[in-house]
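K.L.:
got a sequence here, can you build the structure:
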Amino acid sequence: MVLLPHVPASVVVARWQLSSYLREAGIVTPAIGDAALVVSELLSNAILHARPLPGARVRVAWALAEGCVEVAVSDGGSATRPRPAQPSLSSIGGRGLAIVEHLSRRWGVRTTAMGTTVWAVLPAPGTGHGGPAHPGGRSNGHAAVIRP
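P.N.:
Residues are numbered from 1 along each chain as shown. Model (predicted):
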């Protein structure tokens, strides 16, 4: 688990940390890019549309399990539940969760009294040259992702 400030600059930090972890674990480059993009989208949405967790933070977590990487972003919640939008062709934004949906095997939203967690599970094939996390077995990168 990584706690980051509830500011746009945290997106770069989260992408870098996740990418570094997956590279060291021996995950193939395209899968690393997909996971980094999904974390970027989830974290950007949390920063733009939700309240921070206590201490003006957001929580980012990831874990490798059975050929997949699970990612999650937790925030202090918002007035609306995250869902894919239907932007017009000329809209500047609104495509983030559609991208998450396309790249992920599955994704979802969990709401508690503490806030909201949006999670996604993506394929994470290994090169066979990584650390103990891959291939085979379970390795907690920064935290186990909690899904409903």
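
K.L.:
enumerate every residue touching the residue positioned nearest the centre of the chain.
P.N.:
Geometric centre of the chain, nearest residue: Val39, 3.3 Å, by Cα atoms, centre = their mean. Val39 makes contact with Ala14, Arg15, Leu18, Val60, Trp62, Val71, Val73 under the criterion Cβ atoms under 8 Å, 6 or more residues apart in numbering. Any C-beta I mention is one placed from the backbone N, CA and C, and that applies to glycine too.

K.L.:
which SS state does the closest residue in space to Leu103 that isn't next to it in sequence fall under?
P.N.:
Closest residue to Leu103 apart from its sequence neighbours, by Cβ to Cβ, 6 or more residues apart in numbering: Asp34 at 4.8 Å. Following DSSP: H, G, I helix; E, B strand; the rest coil, the label given to Asp34 is helix.

K.L.:
what about Asp34, neighbour count?
P.N.:
By other Cβ atoms under 10 Å, the residues close to Asp34 number 22.

K.L.:
hang on, it packs against Arg105?
P.N.:
No. Using Cβ atoms under 8 Å as the test, Asp34 is too far from Arg105 to be in contact (10.9 Å).

K.L.:
which neighbours do these two share?
P.N.:
The contact lists of Asp34 and Arg105 share Leu122, Pro123, where a contact means Cβ under 8 Å, 6+ apart.

K.L.:
ranges for the strands of the protein?
P.N.:
Counting by DSSP state E, the chain has strands at residues 2-5, 57-65, 68-75, 106-112, 115-123, 138-139.

K.L.:
can you say which of these is packed in most?
P.N.:
Highest mean neighbour count among the strands of the chain (mean count of other Cβ atoms under 10 Å): strand 68-75, with a mean of 26.

K.L.:
next, the angle strand 106-112 makes with it.
P.N.:
Angle, strand 68-75 to strand 106-112, by axes from the mean of the first three to the mean of the last three Cα atoms, to 10 degrees: 30 degrees.

K.L.:
what's strand 68-75 in contact with?
P.N.:
6, 18, 22, 27, 31, 35, 38-39, 42-43, 45-46, 50-53, 58-64, 105, 115-124, 141, 144-147.
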